[in-house]
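[1] Quick one: sequence and predicted model below, then my questions.
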Amino acid sequence: MRDETRVAVVGCGPAGLMAATVLSEAGLAVDIFDAKGSAGRKFLIAGRGGLNLTHAEPFETFVDRYGNHAQIFKNILAGFSPEDLRVWLHGLGIETFVGTSGRVFPKDAAAPEILKIWLETLDKRGVVFHYRHRWQGFSATNAPLFLAESGKLLEFTAKGVILALGGASWPQTGSDGSWTSLLAGRGIHLAPFRPANCGIEVAWSEYFRNRFSGKPIKNLLLSCGDRQATGDVVVTAHGLEGGPVYALSGVIRDQLEKGSPVHLFLDLKRDLPLERIREKLEQRRGKESLANSLRKGLHLTGPAYSLLQEFCPPEELTNPALLAGHLKRLMLPISSTRPLAEAISSAGGVTFPEVDADLMLRKLPGVFVAGEMLDWEAPTGGYLLQGAFSTGYQAAQGLLKWLGTLNGQTAYPSA
Ligand SMILES: Cc1cc2nc3c(=O)[nH]c(=O)nc-3n(C[C@H](O)[C@H](O)[C@H](O)COP(=O)(O)OP(=O)(O)OC[C@H]3O[C@@H](n4cnc5c(N)ncnc54)[C@H](O)[C@@H]3O)c2cc1C
């Protein structure tokens, strides 16, 4: 495979497909490769839970969601903003709407339909898809190498390369992080992959696990350190999952890594102040059971009620002041986060000092990186997909710029 008039994109996730979109729109001949037999597997998984494409909050707030990398993302998102994403989708015939929480979703189309339209558009522009081609590093002349399904190692010489290989969660979708040794071998610094937006492990009693696995606990306020999140959680066999747990999972992970014991605090009655709860508990009638009085007085039943029995000393359950305190701030010891393979996203990957502002690897000129393979993390809420789309866009713009400055030099200067 020798064709120095073409560019190569590796990875058919949202970041790679966006890069291919920009490059083909600019009139370049694009080849796109993926280790798997089809494109966008994680994108399709994301679609199962309601495809949250981006968020409609003000730009400055949006940028802050990228934490330590907010400044870098300010530049990246300015190139392809949440609004640009909606306009681009509109151009594909996909309308979006803003939900009550500000999250943006497709209006009438599901993820498979969006992916189909997108792939057809690229196909019509002449983008060539090579599935079951696993990227295996670079040849002596820095051309990307692919292991094809046939077992043959193919060298694809092109004018430039964009790597969009994803992070390391949900490896069954293709983003298995197996590429890390290939870049590390070229002296590129990578931060280890760690779970982000993941569930947490709590050592339930057998009774609680058997009785409540799969059951929701609604309208909680969760806190860990100085971070808080509200919403519904789900009890699992291992611990807790759900939006507010994911929102705090980064802080929990960081604290666990320091080796310090970590506790999650639950406000089980976040709409009632402590004093009011205590008053209600003091009105308990003499012979009424605790379960009945909590059910009648505070509408507390099921797993929420049983959590008190799991984690409070029995003698404190009969003391209205102490029980009210537990209801507002129930302490759950966290043993660990759920494994990386189960996480919605991953932290870690190619560190930002390794790339320039155009996302080109400083040690491999002409090779750009995009998407979750870069070392950033963001909460759920559309920030992950937007990050993948925007970095894919930025890397493609970078490659276009770099090709413009080549002035007839060879695309792969010898290392
Ligand atoms: C359950 C779940 C729900 C989610 N929901 C949302 C949501 O609602 N909103 C949101 O914003 N985000 C969501 N996400 C996250 C979002 O899907 C990812 O952040 C996004 O897909 C990352 O895009 P990417 O292009 O960087 O990588 P990926 O989508 O992971 O794509 C990487 C591609 O590279 C290929 N690849 C890897 N290694 C090689 C190799 N060596 N050679 C060739 N190809 C290779 C893979 O096969 C894969 O196709 C969700 C994720 C999960 C798991």
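    Great, that's in hand. Residues are numbered from 1 along each chain as shown.
[2] Near the ligand, which residues of the stretch 251-400 of the chain are found?
    Contact residues (C-beta under 6 Å from any ligand atom) of the stretch 251-400 of the chain with the ligand: 344, 345, 371, 372, 382, 384, 385, 388. (Each C-beta comes from the backbone N, C-alpha and C, glycine too.)
[3] In this structure the fourth one contacts residue 167, no?
    To tie it back to what came earlier, the one meant is residue 372. Yes: using C-beta atoms under 8 Å, residue 372 makes contact with residue 167 at a distance of 3.7 Å.
[4] Against residue 299, how distant is the residue nearest the centre of the chain?
    By C-alpha atoms, centre = their mean, the mean C-alpha position of the chain lies nearest to residue 345, the distance being 3.3 Å. For residue 345, the distance to residue 299 equals 35 Å [C-beta to C-beta, to the nearest Å].
[5] With residue 118 instead?
    For residue 118, the distance to residue 299 - C-beta to C-beta - is 46 Å.
[6] Repeat that for residue 175.
    Residue 175 is 43 Å from residue 299, by C-beta to C-beta.
[7] Closest residue of the stretch 301-415 of the chain to the ligand?
    residue 371 (2.3 Å; C-beta to the nearest ligand atom).
[8] scratch that, the stretch 51-200 of the chain
    residue 174 (2.0 Å).
[9] picking up where we left off before, which residues touch the residue nearest to the centre of the chain?
    167, 169, 196, 197, 372, 377, 378, 384 (C-beta atoms under 8 Å, 6 or more residues apart in numbering).
[10] Please flag which of the residues you listed sit within strands.
    Among these, DSSP state E puts residue 196 in strands.
[11] elements contacting the lowest-mean-pLDDT helix or strand in the chain?
    The weakest-scoring helix or strand in the chain, judged by mean pLDDT, DSSP states H and E, is helix 290-298 (a mean of 90). Judged by 3 or more C-beta pairs under 8 Å, 6 or more residues apart in numbering; DSSP states H and E, helix 290-298 is in contact with helix 274-282, helix 302-311.
[12] Most tightly packed of the ones you listed?
    helix 302-311 (a mean of 18; mean count of other C-beta atoms under 10 Å).
[13] re earlier: distance of the residue nearest to the centre of the chain from residue 89?
    Taken as C-beta to C-beta, the span from residue 345 to residue 89 is 21 Å.
[14] Surely residue 402 is in contact with residue 359?
    No: using C-beta under 8 Å, residue 402 is not in contact with residue 359, being 10.5 Å away.
[15] Show me which of these two is the more surrounded one.
    Between residue 402 and residue 359, residue 359 has the larger neighbour count (other C-beta atoms under 10 Å), namely 29 against 19.
[16] Run through the residues that contact the nearest residue to the more buried one once chain neighbours are set aside.
    Spatial nearest neighbour of residue 359, excluding adjacent residues (C-beta to C-beta, 6 or more residues apart in numbering): residue 395 at 4.3 Å. For residue 395, the contacting residues are 15, 19, 162, 164, 358, 359, 360, 368, 369, 370, by C-beta under 8 Å, 6+ apart.
[17] Can you say which helix or strand has residue 395 in it?
    Element membership for residue 395 (DSSP states H and E) is helix 383-404.
[18] Need phi/psi at residue 319.
    phi -100, psi 110 (degrees, to the nearest 10).
[19] Next up, phi/psi of the residue nearest to the centre of the chain, please.
    phi -150, psi 180.
[20] What pLDDT does the model give it?
    Here the pLDDT value assigned to residue 345 is 98.
[21] who's it bridged to?
    With DSSP bridges applied, residue 345 shows beta-bridge pairing to residue 196.
[22] Would you check that residue 374 makes contact with residue 353?
    No: counting by C-beta under 8 Å, residue 374 does not reach residue 353; the two are 11.4 Å apart.
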